[in-house]
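1. just coords:
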């Protein structure tokens, strides 16, 4: 069996180096690690691996941005999300963006080996165990997850809020109704779990949404 080349994109050094040691133990897998999303395309251009194990939340580009970028350039590359986020919405998002697998960081080393050696681009993979966790686990979303689900239109509305525009002024600028603007504002506050415009603005600055 040929040695499989694996790229781990993860900024948690202890996790990534420990996983590298476990995967390389029998000499059938070689592993390279990058700790910043911006480094992934550069590393792929240097030497294309057989599979990328991609974290979602890391410095630079997040995992979904990287997934979309490299899937277009490398349609046959196996890309597996390896994350601590056991969230069904994120799983669906990963599949829609072209990932081949979605795995929890609680996965066993045997399951990871199975994905590395046997996953192909014709079917999205989650094991029964991980699928069960994803469906049953309902965590309180952290800021990273919340921000992923803000739409482009909501970001436009948010910018007008930051600029001090009223709903009527925003509606005129965007050629939509004031009611639609207010609906977007309400949806934003619900998604980000804030109670008023002041808290919405504060959250925006603290989490670099725009």
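-> Arrived safely. Bear in mind that the values here come from a model prediction, so they are computed numbers and not experimental data.
2. just give me the longest helix of this structure.
-> Assignment by DSSP state H gives helix 178-192 as the longest helix of the chain.
3. in that helix, what counts as buried?
-> Under the neighbour-count criterion of 16 or more other CB atoms under 10 Å, helix 178-192 has 181, 184-185, 188-189, 192 buried. Backbone N, C-alpha and C define where each C-beta goes, glycine included.
4. ditto for stretch 158-175
-> Buried residues in stretch 158-175, counted by 16+ other CB under 10 Å: 158, 160-161, 165, 167, 170-171, 174.
5. domains of this structure?
-> Domain ranges of the chain: 4-136, 150-207, per automatic domain parsing.
6. next one: the last one to chain centre, how far?
-> Mean C-alpha position of domain 150-207 versus that of the full chain (CA atoms, centre = their mean, to the nearest Å) differs by 24 Å.
7. returning to that earlier point: make TSV from the buried residues of stretch 158-175 and add pLDDT, distance to residue 46 and secondary structure to it.
-> What follows is the buried residues of stretch 158-175, written out as TSV (pLDDT from 0 to 100; distance: CB to CB, whole Å; DSSP: H, G, I helix; E, B strand; the rest coil):
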residue	pLDDT	distance to residue 46	secondary structure
158	88	38	helix
160	91	43	helix
161	90	43	helix
165	89	46	coil
167	90	50	helix
170	91	46	helix
171	91	49	helix
174	89	44	helix
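8. ok, so of these, who is nearest residue 61?
-> Nearest to residue 61, judged by CB to CB, of these is residue 158 at 20.9 Å.
9. out of the buried residues of helix 178-192, the closest to residue 109 would be?
-> Closest to residue 109 out of the buried residues of helix 178-192 is residue 192 (37.3 Å), distances taken as CB to CB.
10. show me the shaky parts of this protein.
-> Across the chain, the ranges flagged by pLDDT under 70 are 1, 120-122, 127-148.
11. which residue lies farthest from the center of it?
-> Farthest-out residue of the chain from its mean C-alpha position, per CA atoms, centre = their mean: residue 168, at 34.9 Å.
12. any idea how far it is from residue 115?
-> Residue 168 is 53 Å from residue 115, where distance means CB to CB, to the nearest Å.
13. got it, and residue 182?
-> Counting by CB to CB - residue 182 and residue 115 are separated by 46 Å.
14. residue 149 touches residue 192, doesn't it?
-> No - taking CB atoms under 8 Å as the definition, residue 149 is not a contact partner of residue 192, at 9.8 Å.
15. does residue 30 belong to a helix or a strand, and which?
-> Secondary-structure assignment from DSSP states H and E places residue 30 in strand 29-34.
16. no further questions, thank you.
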